[in-house]
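[1] here's a sequence, model it:
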Amino acid sequence: MVVIAVCSTTQLHADEYNFDVYLNDKKVGTHQFEVSSAADARMVQSTANFNVKILFFSAYSYQHTNTEQWDDNCLRTFDAKTNLNGRPVEVSGATGKSGFVVEKSDSTELLPDCVMSFAYWNPVFLQQERLLNPQTGDFLNVDVELMGVEMFEVRGEMVQAQRYKVTAKDIDLMVWYSDENKWLGLESVAKPGKVIRYELS
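    Residues are numbered from 1 along each chain as shown. Reported below is the predicted structural model:
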């Protein structure tokens, strides 16, 4: 796995990541992340809204919200709500006496006490061998590969960035970080010939 050194946050502050979301070259929605930190505790709120239209009809709709509480690099609680083409799904989790308990609509799963989700805003997630998908509640084996340093466009300017490939069950994506370990962008293969791309707005 890839090892990255990141300093712990020691002052109260909030980081915002506001992305325009594209399906190939067509904008289909937005995804916002707000990370509020105090010492080693973090509160993360994410909101996504996608809508793909063919002519005047919605062919694909996706709404997702997730609230996470972190203690250092350990997820302590999360509450995720997703609506995919009118089908609602709710998944939540919290640290219990024996570990991290994930509650799905039809099952409960006990995970290790310290787990991480796909926390793109925190590049420490790239060190993990398993990650929690809050949308589904699945605890997935992951593989991370550093693809190298390249120039990457951010808000119309080219900056130097490190690109990583992250793969897991049903997940195939690239994620970019600045030299200061700031999250810059993401691309995910939706299906052959279709790529979802996140661009900072």
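
[2] from here on, contacts and neighbour counts on C-alpha atoms
    Noted.

[3] part of a helix, is residue 126?
    Yes - applying DSSP: H, G, I helix; E, B strand; the rest coil, one finds residue 126 inside a helix.

[4] neighbours of it, how many?
    25 (other C-alpha atoms under 10 Å).

[5] isn't it right next to residue 144, touching?
    Yes - taking C-alpha atoms under 8 Å as the definition, residue 126 is a contact partner of residue 144 at 6.3 Å.

[6] for residue 171, give the beta-bridge partners.
    Residue 171 forms beta bridges with residue 168, as assigned by DSSP bridges.

[7] next one: residue 33
    Counting by DSSP bridges, the residues bridging with residue 33 are residue 17, residue 46.

[8] what sits against it?
    16, 17, 18, 44, 45, 46, 47 (C-alpha atoms under 8 Å, 6 or more residues apart in numbering).

[9] so where is the chain shaky, pLDDT-wise?
    Scanning the chain for pLDDT under 70 picks out the ranges 1-12, 55-56.

[10] how does it look with 90?
    Scanning the chain for pLDDT under 90 picks out the ranges 1-14, 37-40, 52-60, 105-106, 170, 190-194.

[11] would you list the phi and psi of residue 123?
    Here is the backbone geometry of residue 123 (degrees, to the nearest 10): phi -60, psi -10.

[12] ok, the residue lying closest to it once chain neighbours are set aside to residue 88 distance?
    Closest residue in space to residue 123, ignoring its immediate chain neighbours: residue 181 at 6.8 Å, by C-alpha to C-alpha, 6 or more residues apart in numbering. Between residue 181 and residue 88 the distance is 34 Å, computed by C-alpha to C-alpha, to the nearest Å.

[13] ok, the two, which is more surrounded?
    Using other C-alpha under 10 Å, the more surrounded residue of residue 181 and residue 88 is residue 181, with 17 against 12.

[14] with distance to residue 80 and neighbour count added, can I get the contacts of residue 33 in TSV?
    Converted to TSV, these look like this (distance: C-alpha to C-alpha, whole Å; neighbours: other C-alpha atoms under 10 Å):
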residue	distance to residue 80	neighbour count
16	19	14
17	18	18
18	19	17
44	12	20
45	10	18
46	9	18
47	10	18
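
[15] that's all I had, so thanks and see you.
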